[in-house]
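**Student:** structure of the sequence below:
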Amino acid sequence: MKKSLLVLALATLVLLLPVGAFADTIYSLNVGGTGLGGSAPWGTVTVSLTNANTATVTFTAAGSNVFFDSNAFNFNTLGTLSGYSLNTCDGSPGPTTNAPCISGVLTPSGNVSSFGSFTYGFNMFDGPTDGTQTATFTLTLGGAGWSSDSLVLFKNTPDGFDVAAHVCPGGAGACNNLTGWAGDGSSTSTPEPGSIALLSAGLIGLGGLVRRRKQ
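**Tutor:** Numbering: from 1, shown residues only. So this is what the prediction gives:
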């Protein structure tokens, strides 16, 4: 009887967790392309599911690095997107009159240095002075959608890359001729705070159930 109650409680807890609630998938931009200066990792890309049909992909530069210029952000998605938006880009206009992320669109990237081609690429305006340290894309996929945040992106070849970004190491005025692209060499899953809290509450409840059954 005790075992049945514990199994039932655990099953209920799992069903309460929304899709993708267990973890974000974080890709480390730790593979540098030809000519790229600075040191790894040059940044990270975090993928999180809002629901089965909506995911966010956030590029974050490490230290004072910035993302900039052509093929600034590149990634492969599992399935053809039904829509997208760029809802965060912290860059501000530099000497040019163009804000860096206003008019760009996601299109097939073409060849990105030594990292190959990606299903989607995003071009920013001008050079490092108009770069950005972070950008968040919201992606939507029709049909059944994604079953896990780890399945939102995929490698462009079996030994290839999920993501790549155009990096100015050290920020505007510091990178000189050391710019280049960085791709992902590894990924990790990081539990979300809400998931941890829900699991903790469930474990506390199970502990109380066990104590009551023993008394």
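**Student:** and stretch 106-123, what's buried?
**Tutor:** The neighbour-count check on stretch 106-123 (16 or more other CB atoms under 10 Å) flags Leu106, Ser109, Val112, Ser113, Phe115, Gly116, Phe118, Thr119, Tyr120, Gly121, Phe122, Asn123 as buried. Yep, even glycine has a C-beta here, placed from its N, CA and C like the rest.
**Student:** next one: stretch 79-93
**Tutor:** Neighbour counts over stretch 79-93 (16+ other CB under 10 Å) mark Gly79, Tyr84, Leu86, Cys89, Gly91 as buried.
**Student:** which residues touch the most centrally placed residue in the chain?
**Tutor:** Central residue of the chain (CA atoms, centre = their mean): Thr46, 2.5 Å from the mean position. By CB atoms under 8 Å, 6 or more residues apart in numbering, Thr46 lies in contact with Asp24, Thr25, Ile26, Tyr27, Thr56, Val57, Thr58, Thr60.
**Student:** pLDDT averaged over the helix or strand the third one falls within, what's the number?
**Tutor:** In this case it means Ile26. Using DSSP states H and E, Ile26 sits in strand 23-28. Per-residue pLDDT values across strand 23-28 average out to 94.
**Student:** just stretch 161-170 next, same as before
**Tutor:** Stretch 161-170 comes out at a mean pLDDT of 95.
**Student:** that stretch: end-to-end distance?
**Tutor:** The straight-line separation of the ends of stretch 161-170 (CA to CA, to the nearest Å) is 24 Å.
**Student:** also stretch 153-172?
**Tutor:** Span of stretch 153-172 from end to end, CA to CA: 30 Å.
**Student:** number of nearby residues for Gly131?
**Tutor:** Residues near Gly131, counting by other CB atoms under 10 Å, number 28.
**Student:** list phi and psi for it.
**Tutor:** phi -80, psi 180 (degrees, to the nearest 10).
**Student:** ok, it to Ala55 distance?
**Tutor:** Remark: distance between Gly131 and Ala55 (CB to CB, to the nearest Å) = 24 Å.
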